[in-house]
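Q: how does the following fold in three dimensions:
(one chain, ligands or ions: 1)
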Amino acid sequence: MNKMIDYRSQLDKVDQQLLETLAQRLEINREIRRYKADQQLPVVDASREQELLQNRKQYAEQIGVDPELTEELFKQILAFVTK
Ligand SMILES: C=C(O[C@@H]1C=C(C(=O)O)C=C[C@H]1O)C(=O)O
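A: Reported below is the predicted structural model:
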């Protein structure tokens, strides 16, 4: 049981880091949204998104993370930040 408490405490810490990293990304997205509005640029850049998804999947594979999970995760983030 001590082992489970230790594992869960490790997960709590990693999840906190994940959320803090997500918060950083979303803040950059907010700045880009303001910049694009000022410059009258379109919110979505489909070719950048395709390139990003390929890069993230490739890097995920390199470090042993499932590429499909990675694709799903980034598609969700991209849909959220461009809606
Ligand atoms: C941030 C941008 O705007 C949108 C959001 C993206 C992102 O969050 O990575 C990528 C492409 C765009 O659809 C950008 O053009 O770089």
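Q: alpha carbons only for contacts and neighbour counts from here, please
A: Noted.
Q: how about the residues of this structure near the ligand?
A: For the chain, the residues in contact with the ligand (CA under 6 Å from any ligand atom) are 29, 32, 43, 44, 45, 46, 48, 49, 78.
Q: tell me which element residue 43 falls in.
A: Residue 43 is part of no helix or strand, with elements assigned from DSSP states H and E.
Q: nearest residue to it other than its sequence neighbours?
A: Spatially, and ignoring its direct neighbours in sequence, residue 43 is nearest to residue 82 (6.2 Å; CA to CA, 6 or more residues apart in numbering).
Q: over to residue 45: give its phi and psi.
A: phi -120, psi 100 (degrees, to the nearest 10).
Q: what about residue 2, distance to residue 38?
A: Going from residue 2 to residue 38 by CA to CA, to the nearest Å gives 55 Å.
Q: quick one: pLDDT of the residue in the chain that the ligand sits nearest to?
A: The chain approaches the ligand most closely through residue 44 (3.4 Å), counting by CA to the nearest ligand atom. With respect to pLDDT, residue 44 has a value of 98.
Q: so what does it have for phi and psi?
A: Backbone torsions for residue 44, taken as degrees, to the nearest 10, come to phi -100, psi 140.
Q: begin at 10, not 1, for the rest of this chat.
A: Renumbered: residue one is now 10, and that last one reads residue 53.
Q: for it, what are its contacts?
A: Residues in contact with residue 53 (CA atoms under 8 Å, 6 or more residues apart in numbering) are residue 91.
Q: repeat that for 10 Å
A: 42, 45, 87, 88, 90, 91, 92 (CA atoms under 10 Å, 6 or more residues apart in numbering).
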